[in-house]
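>>> with the sequence up front, the predicted model follows.
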Amino acid sequence: MLAVQTERLSKVFERREGKRRTSHVAVDAVDLAVDLGEAIAFIGPNGAGKSTTIKMLTGILHPSSGEARVLGLVPWQSRTRLAHEIGTVFGQRSQLWFHLPAGDTLRLLGAIYELPPALVRQRTGELVERFALGDLLAVPVRKLSLGQRMRFEIAASLLHRPKVLFLDEPTVGLDVIAKAEVREVIREANQGGATVFLTSHDAGDIESIARRAIVIDRGRIVFDDKVSNLRRQWLTEKVVELRSEEEVEPPEIPGVLVEKVSRYGLRLRFSTQELQVRQVVGLLLERYPVHDITISDPPLESVIAAIYQGEAALR
Amino acid sequence: MSRADRLLFWPRLLFGALRAQAAYRGAFWLSIGAMVLNDGVWLVFWWLYFSRFPVVHGWHLTDVAALWAIGATAIGLTHGLLGNLPRLAQLIMQGELDVYLSLPKSALPHLLLSRVHVANLGDVLFGPAVFLLLLHPTLVRTALFLLAVVLAAAIFFGFTLVLQSLAFFLGRADLLAEQVSISMITFSTYPSPIFQGALRLLLFTLLPAGFIDVMPVSVLRAPDPSFIAEAAGFAVLLNLVALFTWRTGLRRYESGNLFQARM
């Protein structure tokens, strides 16, 4: 059995602009197959259809056409049954009661998931220890920092040991340390067998959690492969960082973009479709007394930015 | 988990919602007190009126007091304890049903019992207090009062649910729902005989405040089985329509991406 499977899943929103009715295709015939235990990043620019897809997979939205099964269940037909088996975190929406201590929400969620009180206590203890939230269990949610709140949100989504975790922007607004903690816990849940279906604009989330990336743009899947291939296949650019033993003047090589110049250093970018790596490196070695040189792929952050800006050429 | 445990979840949820609103204790009691005072002022107004005109179309001050007792209790139950009912259109428009739809409980009772509207809790206190203090409660009259409250609450509930669920179909229905709800509440606080002709027809169909207006006389003072049956039948029909509208609408729910907290 697959964790998530869709066939030509589509969602069309009707819009009214003045007297005119228009249709907006948010998700367009999406085919997905996610194995149990996989960790996938479902990425794309704002309005690409990520959240709409997740909301259909969790039974929140009904599709306009197509089929979907999550753990063998049709989400919008078996919503409450499926909800026992999945966990959801919507970064923009809190399931914690704003004026009550987070511990109260965890107890209430235990009752919602119909867990025995002893098990709720045990799971709360485990999660609170894992997230280092013990001192905050009795603090009203409104008094928590965003990072503390998000850790409680994720703890709440893990309370019933879900088989599939749908995470929509789980690290939005968090600082570096809080992000690292949240990522680690999601990785642990995945290592424990949970399938992770993650949407995020944060390259760090994608690289540290997911092994597979699915890129959606204007409602259609445009890439589905390993995260490591995302960088290689999407952008045909290389970044060269050079450290010279003498002061440097920026080079003028056709097709090479000088990104940064310092007294002894350069950062250059070029397309491998126009120039070969050995050509560029050869020219640089001829011109400068090179102390150190590094050739790298652009950071995933840049890849994603390029995808979102539509600059990258699709293969 | 046993069936009893599952049923106990709902009062537990309501208790959580009450605790959440009582977090600011001073504001909580002040809001309740203000509503009791507001209702009380209206009753004083009617007392002054009936001290000059003791009978209006066969209605006495006690009938109007009964109308306020029944109406306030019913409004308190439907708009106070089910605090998300009068803001359902707003929740739909802003995509705030997501949290309830992603959890393994029936979404409608879950969201309705997740928030209390503090001011209307004053109505829940005011209504029974008026009945106990001014309307000579006996065992039979208490039973009839409870029957009237259940019927009125069912009509308020079904009517508000239909109205608020229009947001699924119209998009922006919150202002319409608010205006029509205010009309419904306003018309349900006046003696029924003053409404005649087309307005009376309206009050027993599209804006069913007329059923509530009749209750002090036809349920409490001189119980009329045929009216009680009609009111019960209307309440059942209205709630079936309301549930149908809600369920059909839910299929059209579009969600949204506003930042939200569960208050």
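Received the coordinates, thanks.
>>> C-terminal to the helix ranked longest in chain A, what's the next element?
In chain A, assigned by DSSP state H, the helix with the most residues is helix A:176-191. Under the assignment DSSP states H and E, the closest C-terminal helix or strand after helix A:176-191 is strand A:195-199.
>>> tell me the helices and strands packed up against that next one.
Contacts defined by 3 or more C-beta pairs under 8 Å, 6 or more residues apart in numbering or on different chains; DSSP states H and E place strand A:195-199 against strand A:39-43, helix A:50-57, strand A:164-168, helix A:176-191, helix A:203-209. (C-beta placed from N, C-alpha, C; glycine too.)
>>> what do you get if the cut-off is 10 Å, keeping everything else the same?
Using 3 or more C-beta pairs under 10 Å, 6 or more residues apart in numbering or on different chains; DSSP states H and E, the elements in contact with strand A:195-199 are strand A:20-34, strand A:39-43, helix A:50-57, strand A:86-90, strand A:164-168, helix A:176-191, helix A:203-209, strand A:212-217.
>>> of the ones you listed, which is nearest residue B:195?
Ranking the helices and strands packed on strand A:195-199 by distance to residue B:195, with C-beta to C-beta as the measure, places strand A:20-34 first at 39.4 Å.
>>> by contact count, what packs against the closest one?
Strand A:20-34 packs on strand A:4-17, strand A:39-43, helix A:50-57, strand A:65-70, strand A:195-199, strand A:212-217, strand A:220-226, going by 3+ C-beta pairs under 10 Å, 6+ apart.
>>> restricting to C-alpha, output the first one in PDB.
If I follow you right, that is strand A:4-17. What follows is the C-alpha trace of strand A:4-17 in PDB, where atoms were taken according to Å, rounded to 0.1, in the frame of the first residue of the first chain:
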ATOM      1  CA  VAL A   4      -0.200   8.800  -0.800                       C
ATOM      2  CA  GLN A   5      -1.500   8.100  -4.300                       C
ATOM      3  CA  THR A   6      -3.300  10.500  -6.600                       C
ATOM      4  CA  GLU A   7      -4.500  10.200 -10.200                       C
ATOM      5  CA  ARG A   8      -5.300  13.300 -12.200                       C
ATOM      6  CA  LEU A   9      -6.200  15.100  -9.000                       C
ATOM      7  CA  SER A  10      -7.500  18.600  -9.800                       C
ATOM      8  CA  LYS A  11      -9.000  21.500  -8.100                       C
ATOM      9  CA  VAL A  12     -10.700  24.400  -9.800                       C
ATOM     10  CA  PHE A  13     -11.800  27.500  -7.900                       C
ATOM     11  CA  GLU A  14     -14.600  29.600  -9.300                       C
ATOM     12  CA  ARG A  15     -14.000  33.300  -8.900                       C
ATOM     13  CA  ARG A  16     -16.300  36.200  -9.500                       C
ATOM     14  CA  GLU A  17     -14.700  39.400 -10.900                       C
END
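>>> out of the helices and strands packed on strand A:195-199, nearest to residue B:242?
helix A:50-57 (24.8 Å).
>>> what's the average pLDDT for the closest one?
Average pLDDT, helix A:50-57: 95.
>>> let me know the angle separating it from strand A:20-34.
Angle, helix A:50-57 to strand A:20-34, by axes from the mean of the first three to the mean of the last three C-alpha atoms, to 10 degrees: 70 degrees.
>>> and residue A:17, how many neighbours does it have?
Each residue near residue A:17 was counted by other C-beta atoms under 10 Å in any protein chain shown, and the total is 7.
>>> and for residue A:132?
Other residues lying near residue A:132 total 11 when counted by other C-beta under 10 Å.
>>> and residue A:117, by the same measure?
Burial of residue A:117, expressed as a neighbour count using other C-beta under 10 Å, amounts to 12.
>>> distance of it relative to residue A:97?
Residue A:117 sits 19 Å away from residue A:97 when distances are taken as C-beta to C-beta, to the nearest Å.
>>> do residue A:45 as well
Distance from residue A:45 to residue A:97, counting by C-beta to C-beta: 33 Å.
>>> which of these two has more neighbours?
When residue A:45 is set against residue A:97 and neighbours are counted by other C-beta under 10 Å, the residue ahead is residue A:97, at 24 against 18.
>>> so who does the more buried one touch?
The neighbourhood of residue A:97, defined by C-beta atoms under 10 Å, 6 or more residues apart in numbering or on different chains, consists of A:104-105, A:108, A:140-142, B:16-17, B:19-20, B:23, B:114-115, B:261-263.
>>> quick check: residues of the stretch 151-300 of chain A near chain B?
Along the stretch 151-300 of chain A, the residues adjacent to chain B under the rule C-beta under 10 Å from any C-beta of the partner chain are A:157, A:160, A:166, A:168-169, A:172-173.
>>> count of residues packed around the residue of the stretch 51-200 of chain B found nearest chain A?
Nearest residue of the stretch 51-200 of chain B to chain A: residue B:104, at 3.7 Å (C-beta to the nearest C-beta). Number of residues near residue B:104 (other C-beta under 10 Å) recorded here: 17.
>>> which SS class is it?
For residue B:104, the reduced secondary structure class is coil; criterion used: DSSP: H, G, I helix; E, B strand; the rest coil.
>>> likewise residue A:77?
coil.
>>> return the distance of it relative to residue A:264.
Shown here: residue A:77 relative to residue A:264, a distance of 65 Å by C-beta to C-beta.
>>> ok, those two, which is more surrounded?
A side-by-side neighbour count of residue A:77 and residue A:264, using other C-beta under 10 Å, places residue A:264 first with 14 against 10.
>>> show me the contacts for the more buried one.
Applying C-beta under 10 Å, 6+ apart, one finds that residue A:264 lies in contact with A:242-248, A:288, A:291.
>>> do the host helix or strand of residue B:161 and chain A meet at all?
Remark: residue B:161 resides in helix B:139-165, with elements defined by DSSP H and E. No. Counting by C-beta under 10 Å from any C-beta, chain A has no neighbours in helix B:139-165; the shortest distance is 15.5 Å.
>>> buried residues in that helix?
Applying a neighbour-count criterion of 16 or more other C-beta atoms under 10 Å in any protein chain shown, one finds B:141, B:144-145, B:147-165 buried in helix B:139-165.
>>> could you pull out the strands for the stretch 51-200 of chain B?
Taking DSSP state E, counting those that start in this stretch as the test, none of the stretch 51-200 of chain B falls into strands.
>>> SS state for the closest residue to residue A:280 other than its chain neighbours?
What sits nearest to residue A:280 in space, not counting adjacent residues and going by C-beta to C-beta, 6 or more residues apart in numbering or on different chains, is residue A:270, at 5.7 Å. Three-state secondary structure (criterion: three-state DSSP) places residue A:270 in strand.
>>> ok, residue A:270 - contacts?
Each residue near residue A:270 by C-beta under 10 Å, 6+ apart is listed here: A:236-240, A:253-257, A:276-277, A:279-280.
>>> just the buried ones out of those residues, please.
Of the members of the contacts of residue A:270, the ones counted as buried by neighbours, 16+ other C-beta under 10 Å, are A:237-240, A:253, A:256, A:280.
>>> residue B:71 contacts residue B:191, doesn't it?
No. Residue B:71 is not in contact with residue B:191 according to C-beta atoms under 10 Å; the separation is 11.9 Å.
>>> what touches both of the two?
Here residue B:71 and residue B:191 have B:213, B:216 as joint contacts, going by C-beta under 10 Å, 6+ apart.
>>> who's more crowded, the two?
A direct count of neighbours by other C-beta under 10 Å for residue B:71 and residue B:191 places residue B:71 higher, at 27 against 19.
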